[in-house]
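Q: have a look at this fold, sequence not included:
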């Protein structure tokens, strides 16, 4: 393999890249925008649930219940309404997610040791948000009941009742349960696919459309040299974008990598090469920039975003999509990112994902070389 040939092809591609404003925008401006949007706008956390209250009891005990509900970080009591119809209207218009209705005899039943019911109306139009909201309000009511029971036993001079099972829950890896801690690292996989696969899917197709591919095929440049020269500029651009994402994640969002930075660079380099190989294969197979760009979006960007265990868990997908996600490179790269950023894992645990990415790189590189040699390049 001739280094001079590789350098000449890489220099030619680099000159074309810096003269193409659209490619530079896609390479740097779009990843920066994605980091900001995903970091600030996309959140799977459920907090500040908007609640309206109908207090028909109007006693100190009912007002205390509402104050404690509003004091929770998960709830936000936005309005106290006069009747049930007004609460239903707030739910219908989407101004509130929960409506709590306290009946007029609530305090009387509490003090008489009778069952005291509270009606909770929940907007279930978003099943995920609704189920989590229901869990939060159920936990709040259970905690309120337990506190009242302890106060009652204390007034009676009795010992507190010890429950037979006491759950002591400790959260590992993402102690604050913030979705940002896995969304920001996961966006690196999407960024690399945009820069590496989508941009390289145009480079050889552009040569065909400009009519310069025939001249390139007549040059004493081997297929491997040509592919390496085409890929080198985009490799360093994608690597710079991944470093920028790591830096912005730490500075803007406080997300610090728990494991080895060198292992992160090794995984990113391997994943970039997989994405480059896939983009070059698409470019050679289509020979059209428009078709190549559309295929690249459908086969790289969208699957990396939707089917790679990034936003939606693979376990909740239909079986056919679980099988399809197994051949998506981002699935294994995101697994590595989670291990490095959240779990502080090393190569002892992450080697299966590395091995799969190596196999994907070998297969796609082989297919790309075969396809280019069929076009007449030695």
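A: Yep, it's here. Since we're looking at a predicted model, the values are computed, not measured.
Q: quick check: buried residues in the lowest-mean-pLDDT helix or strand in the chain?
A: None of the helices or strands of the chain scores lower by mean pLDDT, DSSP states H and E than helix 21-24, at a mean of 72. Using 16 or more other C-beta atoms under 10 Å as the test for burial, helix 21-24 gives residue 23. Glycine gets a C-beta too; all of them are placed from N, C-alpha and C.
Q: helices or strands up against that helix?
A: Packing contacts for helix 21-24, counted by 3 or more C-beta pairs under 8 Å, 6 or more residues apart in numbering; DSSP states H and E, involve helix 3-19.
Q: can we see that at 10 Å?
A: helix 3-19, helix 223-253 (3 or more C-beta pairs under 10 Å, 6 or more residues apart in numbering; DSSP states H and E).
Q: what ranges does the stretch 1-150 of the chain have for its helices?
A: Assigned by DSSP state H, counting those that start in this stretch, the stretch 1-150 of the chain shows helices spanning 3-19, 21-24, 30-36, 60-71, 84-93, 106-111, 127-155.
Q: distance from the first one to the middle of the chain?
A: This means helix 3-19. Averaging C-alpha positions (C-alpha atoms, centre = their mean, to the nearest Å) puts helix 3-19 35 Å from its chain's average.
Q: so how far does stretch 52-71 reach from one end to the other?
A: Distance between the two ends of stretch 52-71: 14 Å, counting by C-alpha to C-alpha, to the nearest Å.
Q: what average pLDDT does that stretch get?
A: In this model, stretch 52-71 has an average pLDDT of 88.
Q: what's the answer for stretch 343-355, then?
A: Mean predicted confidence for stretch 343-355 is 89.
Q: pull out the buried residues from that stretch.
A: For stretch 343-355, the buried set under the neighbour-count rule, 16+ other C-beta under 10 Å, comprises 345, 350, 353, 354.
Q: quick one: which of these sit in helices?
A: Judged by DSSP state H, the buried residues of stretch 343-355 include 350, 353, 354 as members of helices.
Q: quick one: which of the residues you listed is nearest to residue 375?
A: Ranked by distance to residue 375 (C-beta to C-beta), these are led by residue 354 at 32.0 Å.
Q: the closest one touches residue 267, doesn't it?
A: Yes: between residue 354 and residue 267 there is a contact at 6.9 Å, judged by C-beta atoms under 10 Å.
Q: please enumerate the shared neighbours of these two.
A: Taking C-beta atoms under 10 Å, 6 or more residues apart in numbering as the contact rule, residue 354 and residue 267 both touch 332, 333, 335, 336, 347.
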